[in-house]
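Visitor: heads up, no residue letters with this:
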Ligand code: NAD
């Protein structure tokens, strides 16, 4: 039985309340409904915020539109925008404890992990601040002596940012500073389960000197607030992270208004372990890959593909170590796997395992919730004998559940790895350079980790193939994605009058 203290000193005495950030001011929503969030581990109310209405979402979009069309932000020198982003990074670092605690209390993730995520997020703000100063167009001096071509990068406009609950502060920081660096204005809708740290970010941004209306934050339900943002004609771009199902809906709404989209969606990521790998390192990465964030992770290494010759010993070791993984109170310093986000989600995780067992798979460890005084916790789970057609091998379980499949050859491993509609990431473990390169080339995924797993760098693009999304975040290109291209053609000297020229196809190329 897991012991959970509902009187832990880090738990608030009363839920912390937030309002909406609209046009530079904190305001209550038009409706009176509040969303109250309880800690998934302690079942104690920790935060409350408005369930905003479509009218609130519209007011936020219009504030962002005004800030874009008439406000200073898109017109500032990049150096000035960069200074605000740098100041934000400093203020985030100064409030790491508060931000990390909010993410932990709302999502159930271990506090030590949340601190790392907030520190990583501050680094993204700093990186984007640098990018702001390097965003520029191109000059074409090869068009003949009387023509200068200039390709200008302008900010895309109003960006609607919609984020999920699993990495609340990190994911908003993968989007917002890049959009701001480009000079865009925004409306942000965090998940209704984990809005706290995003709202504190709103305080930080005002303190950092961001002008009113540049970032508006609207809390509430996706079908009300998110859908209004996605369909609003004053929005130019939608940057969405969440499930593939909601991503498809949002992309369809965006298509109707021909808006630009960036979609970071689900994953069913394989780790391929070959017999010649550093098996100790691979073992550690497999455990980390599947249990990090309780498996509630788009990058979760939820499928282990292991070469048959080592499968039995490797899996036996995984099962043995999985028994020792510290699951429990996210506020306890030793905890590595915290609580599961909602009761419905815990039911869903259990259903996946039960269904696999009914289909002939063997549950070697776990498979059900853990007994706990309070809260909801899933046992680390290892399922073997999984076939590629089972839902547990193809769909996102989003829990601490490892599905094990075996292969003999490199070709078979690549085929198995690609046997889902997703393509977010993969890991390959081998000491053979050819094997690693062949697998990396054959896998259809946005990131392939070679002899490592789930490392992240601000400099490197991240995103998915197929059902895992459209577009890339992070890296230099992320900021470019928030810009629109304009071409200037500038002639020097007189342009010859059209009617004095003999009829010819000279202008056809431009007209065509
Ligand atoms: P979700 O799709 O349920 O919700 C994501 C966001 O969309 C929330 O803010 C939600 O309120 C909003 N939303 C819901 N319905 C909407 C609608 N009709 N219109 C507009 N917005 C709407 O996802 P979730 O459960 O919060 O997060 C988990 C999912 O996110 C997983 O599938 C995970 O793989 C994915 N994810 C992907 C990445 C990545 O980078 N690829 C990162 C983290 C999470």
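Guide: Structure's in. What do you need? This is a predicted model, so every value here is computed, not measured.
Visitor: which residues touch whichever residue of the stretch 51-200 of the chain sits closest to the ligand?
Guide: Nearest to the ligand in the stretch 51-200 of the chain, going by C-beta to the nearest ligand atom, is residue 164, at a distance of 3.0 Å. In this view, the C-beta of every residue, glycine as well, is placed from N, C-alpha and C. Residue 164 makes contacts with 171, 191, 241, 242, 243, as judged by C-beta atoms under 8 Å, 6 or more residues apart in numbering.
Visitor: Filter these down to the buried ones and hand me the ChimeraX line.
Guide: Selection of buried members from the contacts of residue 164 for ChimeraX, criterion 16 or more other C-beta atoms under 10 Å:
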select :171,191,241,242
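Visitor: Redo the contacts of residue 164 as CSV? Include secondary structure, pLDDT and distance to the ligand.
Guide: Below are those laid out as CSV (DSSP: H, G, I helix; E, B strand; the rest coil; pLDDT from 0 to 100; distance: C-beta to the nearest ligand atom, whole Å):
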residue, secondary structure, pLDDT, distance to the ligand
171, helix, 98, 6
191, coil, 98, 4
241, strand, 98, 5
242, coil, 97, 3
243, coil, 96, 3
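Visitor: Of the contacts of residue 164, which is the nearest to residue 225?
Guide: residue 191 (10.9 Å; C-beta to C-beta).
Visitor: Please name the nearest non-neighbouring residue to that closest one.
Guide: Excluding the flanking residues, the one nearest residue 191 by C-beta to C-beta, 6 or more residues apart in numbering is residue 165, at 3.8 Å.
Visitor: pretty sure the one you found is touching residue 107, no?
Guide: Yes - under the criterion of C-beta atoms under 8 Å, residue 165 is in contact with residue 107, at a separation of 5.9 Å.
Visitor: Those two - which one has more neighbours?
Guide: Using other C-beta atoms under 10 Å, the more surrounded residue of residue 165 and residue 107 is residue 107, with 30 against 22.
Visitor: That one and residue 365, how far apart?
Guide: Distance of residue 107 to residue 365, computed by C-beta to C-beta, to the nearest Å: 24 Å.
Visitor: now, among the contacts of residue 164, which is nearest to residue 33?
Guide: Closest to residue 33, out of all of the contacts of residue 164 and judged by C-beta to C-beta, is residue 191, at 16.6 Å.
Visitor: how about the closest one, what does it touch?
Guide: Taking C-beta under 8 Å, 6+ apart, one finds 163, 164, 165, 168, 242 in contact with residue 191.
Visitor: ok, which pair from the residues you listed is furthest apart?
Guide: 168 and 242 (12.1 Å).
Visitor: What residues of stretch 400-414 count as buried?
Guide: Buried residues in stretch 400-414, counted by 16+ other C-beta under 10 Å: 400, 401, 402, 403, 404, 405, 406, 407, 410, 413, 414.
Visitor: Let me see the ranges of the helices in the stretch 301-450 of the chain.
Guide: 308-323, 343-358, 391-394, 410-417, 433-442 (DSSP state H, counting those that start in this stretch).
Visitor: and residue 98, which of those is closest to it?
Guide: Using C-beta to C-beta, the helices of the stretch 301-450 of the chain put helix 343-358 closest to residue 98, at 26.1 Å.
Visitor: Indicate whether that closest one makes contact with the ligand.
Guide: No - shown here: helix 343-358 not in contact with the ligand (C-beta under 6 Å from any ligand atom), separated by at least 8.0 Å.
Visitor: Start the count at 30 instead of 1 going forward.
Guide: Okay, residue one is now 30; in that scheme the one you just asked about reads as helix 372-387.
Visitor: Packing partners of that helix?
Guide: Counting contacts by 3 or more C-beta pairs under 8 Å, 6 or more residues apart in numbering; DSSP states H and E, helix 372-387 is packed against strand 391-394, strand 410-413, helix 420-423, strand 430-436.
Visitor: right, so of those, which gets closest to residue 337?
Guide: That would be strand 430-436 among those, by C-beta to C-beta, at 4.6 Å.
Visitor: Quick one: mean pLDDT over the closest one.
Guide: In this model, strand 430-436 has a mean pLDDT of 98.
Visitor: List the strands paired with that strand, with their directions.
Guide: strand 332-336 (parallel), strand 410-413 (parallel) (DSSP bridges).
Visitor: Export the ones you listed as a markdown table, with columns for mean pLDDT and mean neighbour count.
Guide: As requested, these are exported to a markdown table (pLDDT from 0 to 100; neighbours: other C-beta atoms under 10 Å):
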| stretch | mean pLDDT | mean neighbour count |
| --- | --- | --- |
| strand 332-336 | 98 | 26 |
| strand 410-413 | 98 | 24 |
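Visitor: so which of the ones you listed gets nearest the ligand?
Guide: Going by C-beta to the nearest ligand atom, the one of these nearest the ligand is strand 332-336, 14.1 Å.
Visitor: quick one: contacts of the closest one?
Guide: 297-304, 315, 319, 343-344, 347, 422, 431-437, 442, 445-446.
Visitor: what does this structure put close to the ligand?
Guide: 191-196, 200, 218, 220-221, 251-252, 255-256, 259, 270-272, 275, 278-279, 293-296, 327, 425, 453, 493, 497-498.
Visitor: Just the buried residues out of those, in PyMOL syntax.
Guide: A single PyMOL command selects the buried members of these (16+ other C-beta under 10 Å):
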select buried, resi 191+192+193+194+195+196+200+218+220+221+251+255+256+259+270+271+275+278+279+293+294+295+296+327+425+453+493+497+498
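Visitor: In helices only, show me the residues of the chain next to the ligand.
Guide: 200, 256, 259, 275, 278, 279 (DSSP state H).
Visitor: pLDDT at the nearest residue to the fourth one once chain neighbours are set aside, what is it?
Guide: Closest residue in space to residue 275, ignoring its immediate chain neighbours: residue 251 at 6.5 Å, by C-beta to C-beta, 6+ apart. pLDDT, the model's per-residue confidence, is 97 for residue 251.
Visitor: average pLDDT for stretch 90-104?
Guide: The pLDDT scores in stretch 90-104 average 98.
Visitor: which residues touch it?
Guide: Stretch 90-104 has contacts (C-beta under 8 Å, 6+ apart) with 51-52, 110, 183-184, 186-187, 189, 209, 212-216, 239-243, 245, 257-258, 261, 263-264.
Visitor: still on that earlier bit, quick one, which of the helices and strands packed on helix 372-387 is nearest to residue 527?
Guide: helix 420-423 (61.4 Å).
Visitor: before we move on, back to that, quick one: which two of the buried residues of stretch 429-443 are the most distant?
Guide: Taking C-beta to C-beta, no two of the buried residues of stretch 429-443 sit farther apart than 429 and 439, at 29.0 Å.
Visitor: returning to what we had before: list the residues that contact both of residue 194 and residue 136?
Guide: Common neighbours of residue 194 and residue 136 (criterion: C-beta under 8 Å, 6+ apart): 222, 223, 370.
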